[in-house]
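Student: Model the structure of this input:
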Amino acid sequence: MAGIIIHAELHDEEAQTALQAILDRMANRRPFFAAVGERMLASAQDRFRSQTAPDGTPWVSLRPATIRARTRKGQLPLTILRSNSKGKIGSSLAGSIHYIASEDDVQLGSPLPYAGIHQQGGTINRSAREAKIYRRRDENGLGRRFVGKDRANVVTDVTIPAYSITIPARPYLGLTGADEEGILEDAEDWLMR
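Tutor: Modelled structure (predicted):
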């Protein structure tokens, strides 16, 4: 086999020390991935506040019926995917986002079962089902108020028909161009510390 082999040695002690420090840092990559996780978490929280996807497109607005229902319940009607109950902190998809950094990567997401459908969108098909409705009537047989089970004096069996719920995609996870640049800066800072 014809060829050439070149051997190179680094004799500069300062350069060897700097190179060894970089190699040592590369053995413990968790701090770097934690910094990336913090950056991605902040970016996701910004998207919840601005209600935009990573590519900058605005999320689909809430339907008027949703806004009316929230207003009747005394909730904040216009927040999307954030706590809409006054005073409840962290009781939402936005409050559940977290990251896990390891030596090999960082994972960002939510443990909530409905997180995926809000990120990607989709249709939920509900099958028909039997239920009971509870009402209260006065002694004259008047009144058809719905009440809790414990206050009811009239119970009616009903069939709720099958229906579908379409959830529009409202992406909150993902990297923007600025995120990618920031991660590269984090990598440079981490390696050169």
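
Student: Which strands or helices does the helix ranked longest in the chain pack on?
Tutor: Secondary structure assigned by DSSP state H gives helix 30-50 as the longest helix of the chain. Applying 3 or more Cβ pairs under 8 Å, 6 or more residues apart in numbering; DSSP states H and E, one finds that helix 30-50 contacts helix 93-96, strand 98-101, strand 106-109, helix 177-192. In this view, the C-beta of every residue, glycine as well, is placed from N, C-alpha and C.

Student: helices and strands of the chain: which one bottoms out on pLDDT?
Tutor: Each helix and strand of the chain was given a mean pLDDT (mean pLDDT, DSSP states H and E); the minimum falls on helix 13-27 at a mean of 73.

Student: Can you tell me what sits against it?
Tutor: Contact partners of helix 13-27, identified using Cβ atoms under 8 Å, 6 or more residues apart in numbering, comprise Leu10, Phe32, Trp190, Leu191, Met192, Arg193.

Student: and the angle for it with helix 30-50?
Tutor: Here the directions of helix 13-27 and helix 30-50 differ by 60 degrees (axes from the mean of the first three to the mean of the last three Cα atoms, to 10 degrees).

Student: for the longest helix of the chain, which positions count as buried?
Tutor: Applying a neighbour-count criterion of 16 or more other Cβ atoms under 10 Å, the buried positions in helix 30-50 are Phe32, Phe33, Ala34, Ala35, Val36, Gly37, Arg39, Met40, Ser43, Ala44, Arg47, Phe48.

Student: again with stretch 56-75
Tutor: Of all the residues in stretch 56-75, those buried under the rule 16+ other Cβ under 10 Å are Trp59, Leu62, Arg70, Gln75.

Student: Now do Ala169 against Ala178, distance only.
Tutor: Ala169 sits 22 Å away from Ala178, going by Cβ to Cβ, to the nearest Å.

Student: Which one of those two is surrounded by more residues?
Tutor: In terms of neighbours (other Cβ atoms under 10 Å), Ala169 is the more surrounded of Ala169 and Ala178; the figures are 14 against 11.

Student: what secondary structure does that one sit in?
Tutor: On the three-state scheme (DSSP: H, G, I helix; E, B strand; the rest coil), Ala169 is labelled coil.

Student: Confirm for me that it is in contact with Gly121.
Tutor: Yes - taking contact to mean Cβ atoms under 8 Å, the distance of 3.1 Å between Ala169 and Gly121 places them in contact.

Student: With distance to Ala131 and secondary structure added, can I get the buried residues of stretch 56-75 in JSON lines?
Tutor: What follows is those, written out as JSON lines (distance: Cβ to Cβ, whole Å; DSSP: H, G, I helix; E, B strand; the rest coil):
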{"residue": "Trp59", "distance to Ala131": "32", "secondary structure": "coil"}
{"residue": "Leu62", "distance to Ala131": "26", "secondary structure": "coil"}
{"residue": "Arg70", "distance to Ala131": "23", "secondary structure": "helix"}
{"residue": "Gln75", "distance to Ala131": "24", "secondary structure": "coil"}
